[in-house]
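> Fold the following, please.
(one chain, ligands or ions: 1)
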Amino acid sequence: MTPGTGSPPGTGPHEPFGSRLYAALDRFGPLCVGVDPHPELLQAWGLPETVDGLEEFSEICVEAFVGRVALVKPQVAFFEAHGSGGFAVLERTIEVLREAGTLVVADAKRGDIGSTMSAYAQAWLGRGSPLESDAVTVSPYLGFGSADPILELAERNHGGVFVLAATSNPEGGQVQLSTAADGRHVSQVMVDEAAARNAGATTLGSVGVVVGATLTDAPALGGLHGPILMPGVGHQGGTADDVRRLAGDCLRSVVPSVSREVLRAGPSVTALREAVSRSVEEFAFLRS
Ligand SMILES: O=c1ccn([C@@H]2O[C@H](COP(=O)(O)O)[C@@H](O)[C@H]2O)c(=O)[nH]1
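Sure thing, here's the model as predicted:
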């Protein structure tokens, strides 16, 4: 137990996000499951494209995933599309998952000038904020330093940040593979900046990066000492072999992220749980 918390090592609320994630990956296996209420999925699940439909979709996901996966990633855009009602559903979804001890990364991809990033930091990682999550995704393409307010609050509140480095979409390379003044790819600069924030971390640092499973090549990840969230598996064409190839020597730091490939098994909670188990099995090599 972690002294004074009654929690197993690495899992207490005052442990850094990286340690909590590492413990969750050991316990549940290497997988992040997305909650992405696409209009097509609502339809396929026989749900209306309304706030009520969104709510039922999210409740089914919570029932299927809570206490069963290392990390859950609600895609904020699909909630935002429903306005204030959608945000209310997102708030409840995050709250229920976290109260049950399941780690949540809000896929909000926030990026702005520093003073505005302070407000995003409060929204997603602020103690007691209605949207408070364990971690949030951040776009560093206004310059890595613009993310400092969110990185600082993450450190104070034991939260995590996943910085977009090399994304899974085909257009990403236009920016991310351009060459910085010192000759590195821009994506490599983002990984190296994240690595600098993880200095001294024991298991996993709390500043992660996003690297798409659809890429031909990944940036050099060996010095990161932080989690590597890898979306693009399944629907976007990335496979377990791609994950293995891109992970290189960092197998234990990689967290494949799957949304539609699992969600299309719904709305049956049993079928969703089976889809999760299949994915965990597929990526078990990451922790063997
Ligand atoms: O580079 C990135 C960054 C984030 N995403 C997000 O992950 C999921 C992928 O969904 P699938 O259904 O498994 O394709 C989605 O929320 C994206 O916004 C990404 O795909 N690539």
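> secondary structure element for the residue nearest to G29 when sequence neighbours are not counted?
In space, G29 comes closest to V280 once its chain neighbours are excluded; the distance is 3.7 Å by Cβ to Cβ, 6 or more residues apart in numbering. Every C-beta, even on glycine, is put in place using the N, C-alpha and C of the backbone. Assigned by DSSP states H and E, V280 falls within helix 269-282.
> Can you tell me the SS state at R27?
Assigned with DSSP: H, G, I helix; E, B strand; the rest coil, R27 falls in the helix class.
> How many residues are close by it?
13 (other Cβ atoms under 10 Å).
> Hmm, it is touching L71, no?
No: in this structure, R27 is not within contact of L71 by Cβ atoms under 8 Å, at 11.4 Å.
> I'd like the average pLDDT over the helix or strand harbouring L151.
Element membership of L151, judged by DSSP H and E, is helix 148-157. Mean per-residue pLDDT for helix 148-157: 98.
> Run through the neighbouring helices and strands of that helix.
Judged by 3 or more Cβ pairs under 8 Å, 6 or more residues apart in numbering; DSSP states H and E, helix 148-157 is in contact with helix 114-125, strand 135-138, strand 160-166.
> repeat that for 7 Å
Judged by 3 or more Cβ pairs under 7 Å, 6 or more residues apart in numbering; DSSP states H and E, helix 148-157 is in contact with helix 114-125, strand 160-166.
> got the angle for it vs strand 160-166?
Angle, helix 148-157 to strand 160-166, by axes from the mean of the first three to the mean of the last three Cα atoms, to 10 degrees: 140 degrees.
> Alpha carbons only: can I get helix 148-157 in CSV?
Extracted C-alpha coordinates of helix 148-157, given in CSV (Å, rounded to 0.1, in the frame of the first residue of the first chain):
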residue,chain,number,x,y,z
ASP,A,148,3.8,25.5,-20.1
PRO,A,149,0.7,26.6,-18.0
ILE,A,150,-1.0,23.3,-18.5
LEU,A,151,2.3,21.4,-17.9
GLU,A,152,2.8,23.3,-14.7
LEU,A,153,-0.7,22.7,-13.4
ALA,A,154,-0.4,19.0,-14.4
GLU,A,155,2.7,18.7,-12.2
ARG,A,156,1.1,20.5,-9.2
ASN,A,157,-2.1,18.4,-9.4
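> hmm, back to that, tell me which of the helices and strands packed on helix 148-157 sits nearest to the ligand.
strand 160-166 (6.4 Å; Cβ to the nearest ligand atom).
> So which residues on the stretch 101-250 of the chain come close to the ligand?
Contact residues (Cβ under 6 Å from any ligand atom) of the stretch 101-250 of the chain with the ligand: D107, T167, S168, V210, G212, P231, G232, G234, H235, Q236.
> From those residues, list the buried ones, please.
D107, T167, S168, V210, G212, P231, G232, G234, H235, Q236 (16 or more other Cβ atoms under 10 Å).
> surely the second one meets A213?
No: counting by Cβ atoms under 7 Å, no contact exists between T167 and A213, whose distance comes to 10.8 Å.
> of all the helices and strands packed on helix 148-157, which gets the most neighbours per residue?
strand 160-166 (a mean of 27; mean count of other Cβ atoms under 10 Å).
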